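A.B. asks: With the input below, show me the fold.
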Amino acid sequence: MTQLESKGVAASAKRTLQGSLGVTAIVFMVVAAASPLTVVGGAAPLGILIGNGVGFPALYAISAVVLLLFAVGLAAMTRRVPRPGAFFTYIGYGLGRPAGLAAAWTAMLTYTTIQVSVYGYIGYLLSITVVSLGGPAIAWWLYALLVVGLVGILGYRHIDLSSKVLGVLLVAEVGIVLALVAAVVLDGGPEGLSAAPFEPDNVLSGSPGVGLMFAIAAFIGFEATAIFRDEARDPDRTIPRATYGAVIGIGIFYTLASWGLVMAWGPDGILAAAEDPGTLMLRTVALYLGSVGEIVVNVLLLTSMFACVLSFHNVLTRYQHAMAGAGVLPDRVGAVHARHLSPHVSSIAQTATAGVLTAVFAVLNLDPLLQVFTWFAGVATLAIAVLMAATSVAVIVYFARTRADRRVWNTIVAPALGFVGLLASAVIIVVYFPIMVGDVDGDGAPVFGAVTWSLLALVVVFPLLGFAQAAWIRRRRPAAYAKLTDTIAG
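C.D. replies: Below is the predicted model of the structure:
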């Protein structure tokens with residue numbers, strides 16, 4: 001091996017990620033994960049159709065309030081626990097090493113399922129777009145695999161490249177949605193503008209639990225600001241500000257955008273319009289912004305989904321990097337590239353995972369929209385609600401034990417209120433889960449069938465895997481367990 005090669009290997013073995021991301025760059029990263037146009041054009045129509053109809057926009061506002069309470073405790077932890085890892089780290093510090101490891105595996109489940117769900121949607125959209133342009137009918141999963149490969153290439157390189165790509169795409173997405181809302185407001189819609197989506201009777205109509213699932217799913221990723229700690233400029237200030245900025249911005253934007261979508265068709269007409277949820281956004285834009293606007297939105301919807309999976313890829317690779325640093329995953333997964341300063345081995349592993357899961361869905365002949373996207377977004381949402389609830393408890397326990405921060409609102413009241421809201425959300429999602437996956441009887445009532453139980457079981461099995469691994473490491477690899485302590489519960 002040459003001297004140059006030796007230096008490259010040594011650099012690649014570094015454990016610490018580096019960067020100079022500011023508040024704006026991190027907000028772009030996590031809001032891109034929330035994927036504004038994917039939510040407005042993909043999730044919102046489904047939330048209206050199989051959720052609570054006209055009242056769906058209000059669930060974004062409700063979710064934002066609950067998650068903002070959660071974010072208060074999260075921000076307090078980021079200042080006192082100067083380590084990347086988010087749920088993995090914070091639950092470990094508050095509730096102990098086994099709980100931290102259970103959280104790590106649950107987070108892996110969350111971000112993996114939400115990522116592959118969007119791969120299903122983008123494969124579907126690419127397929128119908130090509131056909132509409134006169135191209136050949138190619139299976140959705142082939143397009144999805146193509147996107148998996150492209151995301152893997154960007155994820156392998158320095159994160160500054162990803163943040164720039166995401167920033168450009170995000171500005172374009174937000175701009176076109178705001179243009180649509182402005183056009184609807186100026187036109188007045190077929191029934192006039194109203195506050196019907198926020199009336200209690202409408203909010204509680206239909207299946208609000210399913211609607212709540214889609215609403216909370218829209219926020220997945222905002223909490224990942226802490227994952228980028230090692231790559232942030234002045235992380236003690238940058239991370240809390242990015243966290244608050246992300247959740248507030250997401251909440252306001254989605255509430256406004258989905259309200260505009262309802263007004264575009266009117267409270268009495270939106271359910272009929274949403275019967276074809278995959279094209280609702282395109283039809284709405286064509287109606288209010290013309291054919292040019294429809295073409296622009298079609299392109300941006302594809303780039304929005306691409307930005308979404310790229311952002312979740314970055315989050316996943318950094319979770320794996322943190323887990324490798326704790327001795328939970330193979331040491332090689334924690335390597336940092338000599339030139340790109342990225343967790344390149346982790347990126348390769350995550351690309352392979354996404355590719356294999358996409359292939360499995362293709363073999364099972366799952367519908368990319370109503371099964372891959374809907375089912376696995378549901379799993380991710382339930383898992384994230386459970387993780388956030390556990391993190392809220394960990395915040396309270398940690399500060400009660402250490403007295404490192406004596407602000408009652410930040411360390412007790414807000415986390416406690418967030419815990420109650422998140423626990424209630426998780427229970428509601430479970431109750432309505434069968435409706436989301438189509439497990440219903442002849443009258444449309446939810447039935448906990450095989451599909452429902454199989455998907456819900458994932459949210460139980462993954463944390464149990466973490467607890468079991470913690471026990472195994474403690475018994476068989478005491479040195480690694482000590483390393484786990486250094487990383488999680490020092």
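
A.B. asks: List the contacts of residue 261.
C.D. replies: 40, 44, 45, 48, 57, 270, 280, 281, 284 (Cβ atoms under 8 Å, 6 or more residues apart in numbering). In this view, the C-beta of every residue, glycine as well, is placed from N, C-alpha and C.

A.B. asks: give me the element the fifth one is part of.
C.D. replies: Counting by DSSP states H and E, the element that carries residue 57 is helix 56-80.

A.B. asks: what's around residue 477, how many residues?
C.D. replies: Per other Cβ atoms under 10 Å, the neighbour tally for residue 477 reads 13.

A.B. asks: Name the nearest residue to it, sequence neighbours excluded.
C.D. replies: residue 327 (7.5 Å; Cβ to Cβ, 6 or more residues apart in numbering).

A.B. asks: wait, the one you found sits on residue 476?
C.D. replies: No - between residue 327 and residue 476 there is no contact under Cβ atoms under 8 Å: 11.9 Å.

A.B. asks: Compare the two and say which is more crowded by neighbours.
C.D. replies: Shown here are residue 327 and residue 476; by other Cβ under 10 Å, residue 327 has more neighbours (20 against 9).

A.B. asks: Check the gap between the more buried one and residue 315 for me.
C.D. replies: Between residue 327 and residue 315 the distance is 21 Å, computed by Cβ to Cβ, to the nearest Å.

A.B. asks: go on, residue 243?
C.D. replies: Note on residue 243: its distance to residue 315, by Cβ to Cβ, is 14 Å.

A.B. asks: ok, now residue 432?
C.D. replies: Residue 432 sits 27 Å away from residue 315, taking Cβ to Cβ as the criterion.

A.B. asks: which of the two has more neighbours?
C.D. replies: Of the pair residue 432 and residue 315, residue 315 is the one with more neighbours under other Cβ under 10 Å, namely 27 against 22.

A.B. asks: just checking, that one touches residue 222?
C.D. replies: No - the pair residue 315 / residue 222 is not scored as a contact, 10.8 Å apart, by Cβ under 8 Å.

A.B. asks: which residues of this structure score low on pLDDT?
C.D. replies: In the predicted model, the chain carries pLDDT under 70 at residues 1-30, 32-34, 82-86, 156-167, 223-236, 334, 337-342, 483-490.

A.B. asks: Geometrically speaking, which residue is the centre of it?
C.D. replies: Central residue of the chain (Cα atoms, centre = their mean): residue 220, 3.0 Å from the mean position.

A.B. asks: How much space separates that one from residue 242?
C.D. replies: Residue 220 is 16 Å from residue 242, by Cβ to Cβ.

A.B. asks: and what of residue 414?
C.D. replies: According to Cβ to Cβ, residue 414 stands 18 Å off from residue 242.

A.B. asks: who has more neighbours, the two?
C.D. replies: More crowded of residue 414 and residue 242, by other Cβ under 10 Å: residue 242, with 30 against 24.

A.B. asks: Which helix or which strand is home to the more buried one?
C.D. replies: In this structure, residue 242 is located in helix 235-265 according to DSSP H and E.

A.B. asks: Mind listing what's buried along that helix?
C.D. replies: For helix 235-265, burial by neighbour count (16 or more other Cβ atoms under 10 Å) applies to 235, 238-247, 249-251, 253-265.

A.B. asks: next one: stretch 460-472 to chain centre, how far?
C.D. replies: Distance of stretch 460-472 from its chain centroid, counting by Cα atoms, centre = their mean, to the nearest Å, is 23 Å.

A.B. asks: For it, buried residues please.
C.D. replies: In stretch 460-472, counting by 16+ other Cβ under 10 Å, buried: 462, 463, 465, 466, 469, 470.

A.B. asks: What lies in contact with that stretch?
C.D. replies: Under Cβ under 8 Å, 6+ apart, the answer for stretch 460-472 is 97-99, 101-106, 108-109, 328, 383, 481, 484.

A.B. asks: Most widely separated two among those?
C.D. replies: The distance between the two most remote of the contacts of stretch 460-472 (Cβ to Cβ) is 25.6 Å, for 383 and 481.

A.B. asks: neighbour-wise, which of these two wins?
C.D. replies: Taking other Cβ under 10 Å, residue 383 and residue 481 do not tie; residue 383 has more neighbours (25 against 18).

A.B. asks: ok, the more buried one touching residue 108?
C.D. replies: No - Residue 383 is not in contact with residue 108 according to Cβ under 8 Å; the separation is 9.5 Å.

A.B. asks: quick check: angle from the longest helix anywhere in the chain to helix 235-265?
C.D. replies: Counting residues, the longest helix found in the chain (DSSP state H) is helix 280-325. Interaxial angle, helix 280-325 versus helix 235-265 (axes from the mean of the first three to the mean of the last three Cα atoms, to 10 degrees): 160 degrees.

A.B. asks: Figure out how far helix 280-325 is from the centre of its chain.
C.D. replies: Distance of helix 280-325 from the chain centroid (Cα atoms, centre = their mean) equals 12 Å.

A.B. asks: cool, stretch 436-444 as well?
C.D. replies: On Cα atoms, centre = their mean, the centre of stretch 436-444 falls 26 Å from the chain's centre.

A.B. asks: Now it - C-alpha only, PDB.
C.D. replies: The C-alpha coordinates for stretch 436-444 follow below in PDB (Å, rounded to 0.1, in the frame of the first residue of the first chain):
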ATOM      1  CA  MET A 436     -56.100   2.600   6.500                       C
ATOM      2  CA  VAL A 437     -55.000  -0.900   5.300                       C
ATOM      3  CA  GLY A 438     -58.400  -2.000   4.200                       C
ATOM      4  CA  ASP A 439     -59.200  -4.400   7.000                       C
ATOM      5  CA  VAL A 440     -62.900  -3.700   7.300                       C
ATOM      6  CA  ASP A 441     -66.100  -5.700   7.500                       C
ATOM      7  CA  GLY A 442     -69.100  -5.400   5.200                       C
ATOM      8  CA  ASP A 443     -70.300  -2.300   7.000                       C
ATOM      9  CA  GLY A 444     -66.900  -0.600   6.700                       C
END
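
A.B. asks: Okay, buried residues for it please.
C.D. replies: So, applying 16+ other Cβ under 10 Å, buried residues of stretch 436-444: 436, 437, 439.

A.B. asks: Distance to residue 363 and secondary structure for those - can I get that in a markdown table?
C.D. replies: Listed next are those as a markdown table, based on distance: Cβ to Cβ, whole Å; DSSP: H, G, I helix; E, B strand; the rest coil:
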| residue | distance to residue 363 | secondary structure |
| --- | --- | --- |
| 436 | 23 | helix |
| 437 | 19 | helix |
| 439 | 22 | coil |
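
A.B. asks: As a markdown table, the residues you listed with distance to residue 116 would be great.
C.D. replies: As requested, these are exported to a markdown table (distance: Cβ to Cβ, whole Å):
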| residue | distance to residue 116 |
| --- | --- |
| 436 | 17 |
| 437 | 16 |
| 439 | 21 |
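
A.B. asks: ok, the residues you listed vs residue 456, which is closest?
C.D. replies: Distances from residue 456 to the buried residues of stretch 436-444, taken as Cβ to Cβ, are shortest for residue 437 (9.7 Å).

A.B. asks: Quick check: nearest residue in space to the closest one, chain neighbours excluded?
C.D. replies: Spatial nearest neighbour of residue 437, chain neighbours left out: residue 451 (5.0 Å); criterion: Cβ to Cβ, 6+ apart.

A.B. asks: Please apply the same query to residue 218.
C.D. replies: Excluding the flanking residues, the one nearest residue 218 by Cβ to Cβ, 6+ apart is residue 39, at 4.5 Å.

A.B. asks: That neighbour: what secondary structure?
C.D. replies: helix (DSSP: H, G, I helix; E, B strand; the rest coil).
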